[in-house]
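Peer 1: Structure, please.
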Amino acid sequence: MKALTLPSFFRPACLSLLSSVALATQATAAEGTVTVTITEKDKSQTIIETKPVTDQEALVQIAILLDTSSSMNGLIEQAKTQLWKIVNEFNDAKQGDKTPVVQVALYEYGNNGLSVGSNYIRQVLPFTRDLDKVSEQLFKLTTNGGDEYCGAVIREALDKLAWDKDGQVYKAIFIAGNEPFTQGPVNSQDACKAAIQKGVVVNTIHCGNQGDGENGGWRTGAALAEGRFLTIDQDKAIVHIEAPQDKEITQLSIELNKTYIMYGKDGRRGASNQVAQDSNASFYEKAGAAVQRALTKANSSYSNGGWDLVDANKKSGIKLDKIPEADLPPEVKALAPEKRQAYLDEKAAEREKIQAQINKLNEERQKYVAEKAKESGANDTLDKAMVKAVREQAAKKAITFK
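Peer 2: Down below sits the predicted model:
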């Protein structure tokens, strides 16, 4: 964390600029990209910045580009239910002595409800660690139309997203659709070549049979960007193996919510959205979404420093005395200043205890599922396709998996 205090004689010249910065970063504050808080204290301005990851964490960036034309309802349904499972692949991973944490970005393309001037492309979310927000937006996606331009959306994601420049960061695009990869005004092969030059792997997921995908250029695109060409049946139901531990894991997930302390302008929205995404996941319980979401909440990639005081303090390193009194929740305001940190520490310890219980249960669950999985065979769905590619490619960045 970096803090900069501006003397009072700079205030008139800088106040307008600082306000602009605050507005510009407001949308990304909760995402953990950059947080800028402007407070008035002793007639000076204090700016607090937090890094997207701590010194003990290793960044992973995954951009998901989904075709939302009229034939892709099944693809979106799979994405809704399996976001958590894909993120969970990194729960037990390590990059040296660091723990990988995942930022996710989301684009939709091929929807005639979008502007023709944008090539029917919309950035739904920039890179974010607010996974509840990703889930929220996935549940809002609808299909309509359309004209699918793969090259254009890849180019848009390359140019508009804040890709990390570190060569050891695993950076990947997953683009899914069913029309020819070569359609549109931007050459898809050039876009894929540009991606790998930037250190971004492009994985292509064709929704349909392998022959059509190959003939439509999906395999070539992946090869040019050192990615994988994958085919899935977007209308196939996700197979979830129900385990004896599932019920207790999902119950503990709800208990975790009691350890979150909302603060600031985004606090109420964040806490409400956490509950809403629990509900969305439970609606797809048969597809395993509720259990997978619980596992995400019990591990490092689930970070809510933009609205939760515990994560802001413990993960982002923001000190309580740097947060304006007006932004603190009533239960913290009611405490004497010298007792506030102890209250946060208590909530953090309670959270860690519940997370440890979830992870212990999951160890038992994984053994049960592994045995049952031998009986079920392969499943050509979005989660299986992405997980296989992620593991292979992340290993090239010295990320090891259990």
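Peer 1: Grab the most central residue of this structure for me.
Peer 2: In the chain, the C-alpha nearest the mean C-alpha coordinate belongs to V104, at 3.3 Å (C-alpha atoms, centre = their mean).
Peer 1: I'd like to know which elements the helix or strand that contains that residue is packed against.
Peer 2: Per DSSP states H and E, V104 falls inside strand 99-109. If contacts are counted by 3 or more C-beta pairs under 8 Å, 6 or more residues apart in numbering; DSSP states H and E, strand 99-109 sits against strand 57-67, helix 73-88, strand 121-128, helix 131-140, helix 150-160. All C-beta spots, glycine's among them, are computed from the backbone N, C-alpha and C.
Peer 1: Just the CA trace of the shortest one, in PDB.
Peer 2: Taking C-alpha atoms only, strand 121-128 is exported to PDB below (Å, rounded to 0.1, in the frame of the first residue of the first chain):
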ATOM      1  CA  ILE A 121     -19.100  -6.100 -28.800                       C
ATOM      2  CA  ARG A 122     -19.500  -5.100 -25.200                       C
ATOM      3  CA  GLN A 123     -17.000  -5.100 -22.300                       C
ATOM      4  CA  VAL A 124     -19.200  -6.400 -19.500                       C
ATOM      5  CA  LEU A 125     -16.400  -6.200 -16.900                       C
ATOM      6  CA  PRO A 126     -12.700  -5.200 -16.900                       C
ATOM      7  CA  PHE A 127     -10.300  -7.400 -14.900                       C
ATOM      8  CA  THR A 128     -11.700  -7.900 -11.400                       C
END
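Peer 1: That one to helix 131-140, inter-axis angle?
Peer 2: 160 degrees (axes from the mean of the first three to the mean of the last three C-alpha atoms, to 10 degrees).
Peer 1: got it, and the first one?
Peer 2: Counting by the same axes, to 10 degrees, strand 57-67 lies at 10 degrees to helix 131-140.
Peer 1: and after the helix or strand hosting K247, which helix or strand comes next?
Peer 2: Taking DSSP H and E as the criterion, K247 maps to helix 246-256. For helix 246-256, the following helix or strand on the C-terminal side (DSSP H and E) is helix 267-283.
Peer 1: pLDDT of stretch 302-316, averaged?
Peer 2: Model confidence over stretch 302-316, given as mean pLDDT, is 94.
Peer 1: what about it, start to end distance?
Peer 2: Counting by C-alpha to C-alpha, to the nearest Å, you get 13 Å between the two ends of stretch 302-316.
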